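Enquirer: model this:
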Amino acid sequence: MQKKILLSLLSGFVVLIITWVYQNHDFTFSAEDGFISKLSLWKYKFFSAKPQHNAGFVFVNTGKDLALVDDTAGSGNIAVSDREKLYQLLHFVDSINKKPAFTLIDLQFYYRYSINPRFDTLMQNEMDKSSNLLIAILPDEKKEGVYKTPLYKAKYGYSEYGSYGSGINKFRMFNQSSIHSIPVIMDETLNGTVYKDYGLFATSGGHLCMSAIWPSYYLNDQDLKDNKYLPYAQYYTLGDLLTGIGASPDEYGKMFDNKILIIGNFELDTHSTPIGTLPGSMVVADIYLSLLNHHHIVSYWFLILSWLVFSGLSYMAWFSKVPELNLRFNFIFSPHLVNFIKSYISYFGCMFFLSIIALFIFNIQIALFLPSFIFSIIEYFSQKKYLPGK
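Expert: Modelled structure (predicted):
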């Protein structure tokens with residue numbers, strides 16, 4: 001009996017490590033994403049969807065203010081944000097006394113502004129004046145782990161979404177490079193949080209944290225445009241904002257005070273999420289709010305609980321069996337495969353209850369499919385269900 005318990009504890013620990021590695025990578029299953037997103041929506045039917053810790057945002061949409069510039073690579077004209085208008089906004093922000101706490105320009109600057117090249121120089125001059133300004137960058141498709149260098153020099157951060165699911169679901173905050181993700185840089189800059197990436201695990205403010213999370217979507221596009229998040233979040237198109245600034249510079253000069261200014265293309269830079277299509281700039285804000293509300297922090301009590309649950313399921317897989325659902329798939333699959341499917345569904349049911357505890361009590365979301373599959377494999381071979389009559 002003692003050997004069985006030790007083997008179960010060891011197996012549970014190994015499955016926990018495998019699940020942890022999988023959890024902190026950007027890979028995910030589409031079905032798993034859908035399941036977790038529905039679980040999160042049910043959570044907010046019982047609890048408020050409002051974040052406990054909030055932040056003030058000013059979102060500026062450049063998608064309605066575009067200009068065509070010459071593509072020097074010979075692919076024709078390229079639509080980019082109107083940099084003359086963008087410069088006017090940055091110049092105004094740099095000139096006021098009550099400045100934003102942080103400015104994120106979630107736009108790509110890989111093409112020169114051929115309409116009037118001097119605005120590239122003016123843009124760089126304005127960026128040099130701001131110490132808390134960040135530019136989003138893209139990975140170099142030809143060189144793994146390397147990012148393209150934009151035209152402008154500033155602090156850089158990435159926001160690409162490497163999930164293999166159907167859309168943006170899991171977001172990886174660290175990718176073993178010297179450049180951090182935009183939400184992490186925002187948390188470091190605004191709140192002084194110290195992040196350290198050790199490869200297999202990471203820490204946030206000295207606390208164990210996940211390197212990849214399924215974020216909570218506190219903000220959505222339509223409610224933002226309908227001004228439902230006032231006074232915490234405001235939305236403007238770039239052209240309308242400049243018109244307002246021209247008419248009432250003193251009034252608009254106050255609205256940026258200690259806010260997070262996020263400038264992005266809400267029309268073209270959009271992504272599929274569990275709550276619908278969202279602009280990438282809003283996804284970044286939601287991920288930052290998830291970090292602000294500690295959705296990435298992992299409790300050691302939860303790890304102990306997970307180890308015990310995994311060890312119990314390991315014991316069932318090695319020496320007993322989890323109670324199986326009385327389902328009939330023989331008309332579709334072979335009897336051996338039916339046995340495997342039944343055990344998988346049963347283990348998944350156990351993982352479902354663990355995921356509810358994780359989400360509602362520990363405020364984190366965990367992978368379900370992989371550990372369930374591992375337990376099913378162990379049971380299938382340890383109990384020789386592949387033999388006739390099993």
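
Enquirer: how about the strands in the stretch 251-390 of the chain?
Expert: With strands called from DSSP state E, counting those that start in this stretch, the stretch 251-390 of the chain shows them at 260-264, 270-273, 276-279.

Enquirer: compile these into TSV and extend it with columns for distance to Met210.
Expert: The way it works is simple: take the backbone N, C-alpha and C, and place the C-beta from them, glycine included. Formatted as TSV, those follow (distance: least, C-beta to C-beta, whole Å):
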stretch	distance to Met210
strand 260-264	23
strand 270-273	19
strand 276-279	22
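
Enquirer: looking at these, which one is packed in the most?
Expert: Most buried of the strands of the stretch 251-390 of the chain by mean neighbour count (mean count of other C-beta atoms under 10 Å) is strand 260-264; its value is a mean of 24.

Enquirer: before we move on, back to that, between the strands of the stretch 251-390 of the chain, which one is nearest to Glu379?
Expert: strand 270-273 (35.7 Å; C-beta to C-beta).

Enquirer: the closest one pairs with which strands, and in what direction?
Expert: The pairing partners recorded for strand 270-273 under DSSP bridges are strand 276-279 (antiparallel).

Enquirer: for Tyr195, the count of nearby residues, please.
Expert: Neighbouring residues of Tyr195 were enumerated by other C-beta atoms under 10 Å; the total is 20.

Enquirer: shouldn't it be in contact with Phe201?
Expert: No: contact status for Tyr195 versus Phe201: not in contact, 11.7 Å apart, counting by C-beta atoms under 8 Å.

Enquirer: and the residue nearest the centre of the chain?
Expert: Central residue of the chain (C-alpha atoms, centre = their mean): Phe171, 3.0 Å from the mean position.

Enquirer: quick one: that one and Tyr288 touch, right?
Expert: No: judged on C-beta under 8 Å, Phe171 makes no contact with Tyr288 at a distance of 10.7 Å.

Enquirer: overlap in contacts, the two.
Expert: Pro183 (C-beta atoms under 8 Å, 6 or more residues apart in numbering).

Enquirer: before we move on, the earlier item: of all the strands of the stretch 251-390 of the chain, which one is nearest Ser306?
Expert: Within the strands of the stretch 251-390 of the chain, the stretch nearest Ser306 is strand 270-273; the backing value is 26.8 Å (C-beta to C-beta).

Enquirer: gap between Lys43 and Ile36?
Expert: Look at Lys43 and Ile36: by C-beta to C-beta, to the nearest Å, they are 10 Å apart.

Enquirer: out of the two, which sits in the more crowded spot?
Expert: More neighbours surround Ile36 than the other of Lys43 and Ile36, with 23 against 16 (other C-beta under 10 Å).

Enquirer: confirm that one sits in a helix?
Expert: Yes: checked against DSSP: H, G, I helix; E, B strand; the rest coil, Ile36 lies within a helix.
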